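> Need coordinates for the following:
(2 chains)
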Amino acid sequence: GAVVSQHPSWVICKSGTSVKIECRSLDFQATTMFWYRQFPKQSLMLMATSNEGSKATYEQGVEKDKFLINHASLTLSTLTVTSAHPEDSSFYICSAKGAGDTQYFGPGTRLTVL
Amino acid sequence: QQQVKQSPQSLIVQKGGISIINCAYENTAFDYFPWYQQFPGKGPALLIAIRPDVSEKKEGRFTISFNKSAKQFSLHIMDSQPGDSATYFCAASPRTGNTPLVFGKGTRLSVIA
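Residues are numbered from 1 along each chain as shown, chains lettered A, B, ... in the order given. Below you'll find the model as predicted:
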């Protein structure tokens, strides 16, 4: 099956710093990538939809200036959490969709902001 | 209209038993219904998916049953094993375009020996 990777798998940062998370589709071209946030014991909350070469579409309530998304190629999308604060601590998961119906998820990135 | 309602929230099943998780939707534009399995600290993994042109799809011990008129679909796990203990999410989306999946709230399954 298709593989999506994320890097890093976990990160700890100080409040006020920025953190970049990479999402890569390893064996297929992803025309669309999605970024989710998940709190413990909860469902996935969609943050934004990213199409290669165009601006991301953010869900209502998600600050686009805080969560910067770049989808520069068909295999790479990045999420940058700017000026991170403790309330941004969460599990961030990306997914990628190619030509078919299936969304393939990455393994997730655990962000802890001190 | 965009919601997918999933039940139960949690489920405890004896080893060897059948686990059944149900989902319901309202948006008639939905025509792709995947189920994902998620272990703690991991990303969701596609388990099985169905389209409305069939009423049932089976892959190994996992079966999706689909009732288009009732707008309901369910996951059956036969011969449940302790290794199946995980959170299961149903989801739905239109097939066309790059519309994101709408997820249910998840079911935490515990299979006990």
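
> So for chain A, which residue is the most central one in space?
In chain A, the residue lying closest to the centroid (C-alpha atoms, centre = their mean) is residue A:35, at 3.8 Å.

> Just the buried residues of the lowest-mean-pLDDT helix or strand in chain A, please?
Lowest by mean pLDDT, DSSP states H and E among the helices and strands of chain A is strand A:67-73, with a mean of 91. Within strand A:67-73, the residues that count as buried by 16 or more other C-beta atoms under 10 Å in any protein chain shown are A:67-69, A:71. In short, each C-beta sits where N, CA and C put it, glycine included.

> now swap in stretch B:77-89 and tell me
Applying 16+ other C-beta under 10 Å to stretch B:77-89 flags B:77, B:80, B:84-89 as buried.

> Of those, which belong to helices?
With helices defined by DSSP state H, no entry of the buried residues of stretch B:77-89 lies inside them.

> The residues you listed also near chain A: which ones?
Among these, the residues that sit close to chain A (C-beta under 8 Å from any C-beta of the partner chain) are residue B:89.

> tell me the two of the buried residues of stretch B:77-89 that are most distant?
Using C-beta to C-beta, those reach their maximum pairwise distance at B:80 and B:89, which is 17.4 Å.

> Low-confidence regions, chain B specifically.
The model of chain B has pLDDT under 70 over residues B:1.

> Which positions in it make contact with chain A?
B:32, B:34, B:36, B:41-46, B:49, B:89, B:93, B:95, B:98, B:100-101, B:103-106, B:108.

> out of those, which are buried?
Burial by neighbour count, judged by 16+ other C-beta under 10 Å, picks out B:32, B:34, B:36, B:43-44, B:46, B:49, B:89, B:93, B:98, B:100-101, B:103-106 from those.

> What are the boundaries of the helices in chain B?
Under DSSP H, chain B gives no helices.

> wait, isn't residue B:46 in contact with residue B:34?
Yes: counting by C-beta atoms under 8 Å, residue B:46 does reach residue B:34; the two are 5.8 Å apart.

> Quick check: neighbours shared by those two?
A:102-103 (C-beta atoms under 8 Å, 6 or more residues apart in numbering or on different chains).

> same for the least confident helix or strand of chain A, what does it pack against?
Here strand A:67-73 touches strand A:32-38, strand A:44-51, strand A:76-81, going by 3 or more C-beta pairs under 8 Å, 6 or more residues apart in numbering or on different chains; DSSP states H and E.

> pull the CA atoms of the first one into PDB?
Okay, so that is strand A:32-38. Coordinates of each C-alpha in strand A:32-38 appear next as PDB, following Å, rounded to 0.1, in the frame of the first residue of the first chain:
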ATOM      1  CA  THR A  32      -4.000  16.800  -2.100                       C
ATOM      2  CA  MET A  33      -2.800  16.600   1.500                       C
ATOM      3  CA  PHE A  34      -4.800  17.100   4.600                       C
ATOM      4  CA  TRP A  35      -3.600  18.200   8.100                       C
ATOM      5  CA  TYR A  36      -5.400  17.000  11.200                       C
ATOM      6  CA  ARG A  37      -5.100  17.600  14.900                       C
ATOM      7  CA  GLN A  38      -6.100  15.000  17.400                       C
END
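
> Noted, bye for now.
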